[in-house]
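In: heads up, no residue letters with this:
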Ligand code: HCA
Ligand code: CU
């Protein structure tokens, strides 16, 4: 596929990957997250209503409450498949299966850094563990994913050996985890491409956002053939988190709006983000894709003129798809007469171009001196209309 093909949205013709929503696993690792059981059920339900394909839940080995909640969420009868996330250990695997989840995500560090600092096992020992755990899970009838934590710093031959064996042992999916957020989009594309062309297995991508590349990396993983993408609401997770659900939705909506609208209940996104923000004591960032306070605010005159004619001139997403509106800012020095005339129209006043330009000039001069309130602009418009004898 040529680069140009990508630039023109070539990836959009493929089926979308499934979302593995990890707010109830990775998200629990966020500094501000301390969900009660009831809160977890509420989050699970609203994400299910949104339409995510999977919910990933904290390991039942983490604490007694985690175990009870994992089993309770697995028993809620949701449409989304439930997964739990455990170390590559037979005892963890047994408990995971007992919770009644649909699938188990196994993770084990395979980079030199994690082999040294985390579990001290060699690559052969990791494979030995896989040989113990995977057959047990496969026989238990759950969906099985096997992932090398810190994949981007894992030697590729080591990773291939581990995954080759995991696939022989019958896993449904392997995982690429950019645990410390060092991956580059092209590198992730190349790695996923290599895995999907060598092994006959689904590939999941989990990317941290330490260097601001989590969404781009997830997208590159999809381009490389990934079938599953991990997200969390507002990106919450360890440190500054992972690919956020909202950013991922924005990205794929631009690629294939019809498919996204067919799969997800998009109007729930603002409510879901507000809920998680409230429960974790944060605010929705002003620059969040789709839901940020300024995501559909247009300011400069050149922009507002075009947006008033055709919003797609400066919007790649339609706010209405998410139950949101746009905002045309008029009370500042960058304002344009088209925006002022549009505001006049909202007030029921038809200003001609000359009058609209006059009022715009007044606003610009005022705004150079101080903050202009909306009511002041309206006052200027109404005064101009009176002078011109324009009927309301
Ligand atoms: C963790 C590590 C992990 C696992 C990702 C995965 C990571 O906190 O347990 O299993 O796909 O970032 O490597 O979240
Ligand atoms: Cu992670």
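Out: Looks like it arrived, so ask away. Predicted model only: the values in this text are computed from it and were never measured. Ligands and ions are numbered 1, 2, ... in the order given.
In: Spell out which residues of the stretch 101-250 of the chain are next to ligand 1.
Out: Contact residues, the stretch 101-250 of the chain versus ligand 1 (C-beta under 6 Å from any ligand atom): 105, 107, 147, 149, 175, 177, 179, 206, 208, 238. Bear in mind the C-beta positions are built from the backbone N, C-alpha and C, glycine included.
In: Surely the last one touches residue 27?
Out: No: the pair formed by residue 238 and residue 27 falls short of the contact definition of C-beta atoms under 8 Å, at 9.8 Å.
In: So which of those two has more stuff around it?
Out: Comparing residue 238 with residue 27 by other C-beta atoms under 10 Å, the one with more neighbours is residue 27, at 29 against 17.
In: Next up, the contacts around that one.
Out: 33, 232, 233, 236, 237, 241, 276 (C-beta atoms under 8 Å, 6 or more residues apart in numbering).
In: which among those residues end up buried?
Out: Among those, those buried by neighbour count (16 or more other C-beta atoms under 10 Å) are 33, 232, 233, 236, 237, 241, 276.
In: avg pLDDT for stretch 105-121?
Out: What stretch 105-121 shows for mean pLDDT is 87.
In: quick one on the thing from earlier: which of the buried ones among the contacts of residue 27 sits closest to ligand 1?
Out: residue 237 (7.0 Å; C-beta to the nearest ligand atom).
In: Surely the closest one is within a helix?
Out: No: using DSSP: H, G, I helix; E, B strand; the rest coil, the assignment for residue 237 is coil, not a helix.
In: Name the residue of the stretch 201-350 of the chain that lies nearest to ligand 1.
Out: Across the stretch 201-350 of the chain, no residue is closer to ligand 1 than residue 206, which sits at 3.6 Å (C-beta to the nearest ligand atom).
In: Was I right to think that residue contacts residue 181?
Out: No: using C-beta under 8 Å, residue 206 makes no contact with residue 181, being 10.7 Å away.
In: thinking again about what came up before, from the contacts of residue 27, which land in helices?
Out: Here DSSP state H is the test, and those give residue 276 as lying in helices.
In: Could you dump the contacts of residue 27 into CSV with pLDDT added?
Out: Below are the contacts of residue 27 laid out as CSV (pLDDT from 0 to 100):
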residue, pLDDT
33, 98
232, 99
233, 99
236, 98
237, 98
241, 98
276, 98
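In: Which of the contacts of residue 27 sits closest to residue 124?
Out: Using C-beta to C-beta, residue 237 is the member of the contacts of residue 27 that lies nearest residue 124, at 30.9 Å.
In: which residue ranges form the helices in the stretch 151-300 of the chain?
Out: 156-168, 185-198, 214-223, 245-255, 257-263, 269-280 (DSSP state H, counting those that start in this stretch).
In: helices and strands around the first one, which ones?
Out: This means helix 156-168. Packing contacts for helix 156-168, counted by 3 or more C-beta pairs under 8 Å, 6 or more residues apart in numbering; DSSP states H and E, involve helix 123-140, strand 143-149, strand 173-178, helix 185-198.
In: hmm, who's touching that helix?
Out: Outside of helix 156-168, the residues within contact range by C-beta under 8 Å, 6+ apart are 110, 123, 126-127, 130-131, 134, 146, 148, 151, 174, 191, 194-195, 198-201.
In: what's the angle between it and helix 123-140?
Out: 20 degrees (axes from the mean of the first three to the mean of the last three C-alpha atoms, to 10 degrees).
In: residues touching residue 109, list them.
Out: 115, 118, 119, 148, 149, 150, 179.
In: biggest separation within those, which pair?
Out: So, the contacts of residue 109 by C-beta to C-beta: farthest apart are 119 and 179, at 14.0 Å.
In: Flag whichever of the residues of the stretch 101-250 of the chain next to ligand 1 scores worst on pLDDT.
Out: Lowest confidence among these: residue 149, with 92.
In: how deep is the closest residue to residue 151 other than its chain neighbours tucked in, by neighbour count?
Out: Leaving aside its sequence neighbours, residue 151 sits nearest to residue 176 (C-beta to C-beta, 6 or more residues apart in numbering; 4.6 Å). Neighbour count for residue 176, taken as other C-beta under 10 Å: 25.
In: Residue 278 now?
Out: Neighbours of residue 278 using other C-beta under 10 Å come to 12.
In: ok, now residue 382?
Out: When neighbours are counted by other C-beta under 10 Å, residue 382 comes out with 17.
In: tell me the secondary structure for it?
Out: Three-state assignment for residue 382 (three-state DSSP): helix.
In: residue contacts, it?
Out: Applying C-beta under 8 Å, 6+ apart, we find residue 382 in contact with 347, 349.
In: Report the beta-bridge partners for residue 203.
Out: The bridge-partner assignment for residue 203, based on DSSP bridges, gives residue 174.
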